[in-house]
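# coords please:
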Amino acid sequence: MREFILTVPENLAGRDIKYILKNHFEFSSSLITALKEGDGIMLCGKKEFVNKKVALGDILKITLFDKASENITPQNIPLDILYDDEDLLAVNKPPKTPTHPSIYHTKDTVANAVLYYFKGTPFTFRAPSRLDRDTSGVLIVAKNAWCAERISRAIKNGEFKKEYMAVCVGTPKDMRGTISAPIKREKQGIIKRVISPDGKNAVTDYEVIKTLGNLSLLKLCPKTGRTHQIRLHLSHIGTPIYGDFLYGEEVLGERIRLHCKSVSFAHPLTKKPITITAPLPHDMRLEEIYKKL
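Modelled structure (predicted):
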């Protein structure tokens, strides 16, 4: 449950509640509909409709009620929490851990762990910036529908920045640069992507941080958010990610060495810039991988 309390200021006096929800709180139409169906709108202690006009000094209380995510069983799985406030939870997702449950992973996901963390409180699992199973690092969980909408909007508008680290086989010709190569699905219904002139625009900035033998550690900043963008772009320039079974060479028993090091965005409520970081995992160290070669 999330509450917003507003003492109506002069510039909103005489407006109806719907106007305030849309323009002050920036609620979507679907979120406003959900509020109307519950007891989520109270004006001076009384339930009201969205067409009610407010007066200067009125107390408007908005309550977002949550429901427990269906078909997700809470599991006592440790969480490495990086950030926690009233609207956001950020965790350091371990490698080989799915974000959401699937037919093959029903009780070993981040969602299972988060529902246990909020055990006893109705909670809907929302991860606007999900990570693939093999990818480790910063994962943002929105604690309410309003926050989830704001984060999703920031991602869509390019206002949600991610920085990744990847261990690659080989070293790019240039120590830093930009990969601009459009991406599309290889075939309908198949997850694999390909570089194609008629694909969607995709841009990734990279910088070589360290090299060891035929391995290199790269920092990557995707400017767009296409599926498998980093993996495909690195393969495209001849330096696939170590362990990438789709765009490089599979290494039995090894995960794809990709890590979301940080995310930066404006906090949905305060609008202040925030950066959340996750340390580089042990299995991303070039020395550790080089020993196995």
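
# ok, residue 56 touching residue 11?
No: using Cβ atoms under 8 Å, residue 56 is not in contact with residue 11, being 9.7 Å away. C-beta: built from backbone N, CA, C; applies to glycine.

# neighbour count for those two, which is higher?
Looking at residue 56 and residue 11 with other Cβ atoms under 10 Å, you find the greater number of neighbours at residue 56, namely 12 against 9.

# what sits closest to that one if chain neighbours are left out?
Spatial nearest neighbour of residue 56, excluding adjacent residues (Cβ to Cβ, 6 or more residues apart in numbering): residue 13 at 4.0 Å.

# go on, residue 154?
residue 160 (4.3 Å).

# so what does the one you found look like in phi/psi?
phi -120, psi 110 (degrees, to the nearest 10).

# what do you get for the one 4 residues further on?
Listed backbone geometry of residue 164 is phi -110, psi 160, with angles given as degrees, to the nearest 10.

# how about residue 216?
Main-chain torsions, residue 216, degrees, to the nearest 10: phi -140, psi 150.

# who does it form a beta bridge with?
Beta-bridge pairing of residue 216, defined through DSSP bridges, involves residue 168, residue 211.

# please give me every residue in contact with it.
By Cβ atoms under 8 Å, 6 or more residues apart in numbering, residue 216 lies in contact with 167, 168, 170, 171, 172, 208, 209, 210, 239, 286.

# ok, 6 Å please
Contacts for residue 216 were tallied using Cβ atoms under 6 Å, 6 or more residues apart in numbering; they are 168, 171, 208.

# so which of those residues is the closest to residue 18?
Taking Cβ to Cβ as the measure, residue 18 lies nearest residue 168 of the contacts of residue 216, at 51.9 Å.

# how close does that closest one sit to residue 80?
Shown here: residue 168 relative to residue 80, a distance of 25 Å by Cβ to Cβ, to the nearest Å.

# same thing with residue 36?
The spacing between residue 36 and residue 80, counted by Cβ to Cβ, is 39 Å.

# is the residue nearest to residue 154 in contact with residue 153, as I believe?
No: taking contacts as Cβ atoms under 6 Å, residue 160 lies outside contact range of residue 153: 9.0 Å.

# neighbour count winner among those two?
Legend: neighbour count by other Cβ under 10 Å for residue 160 and residue 153, higher for residue 160 (20 against 15).

# per-residue pLDDT, that one?
We have a pLDDT of 95 for residue 160.

# now swap in residue 189 and tell me
Residue 189 is given a pLDDT of 69.
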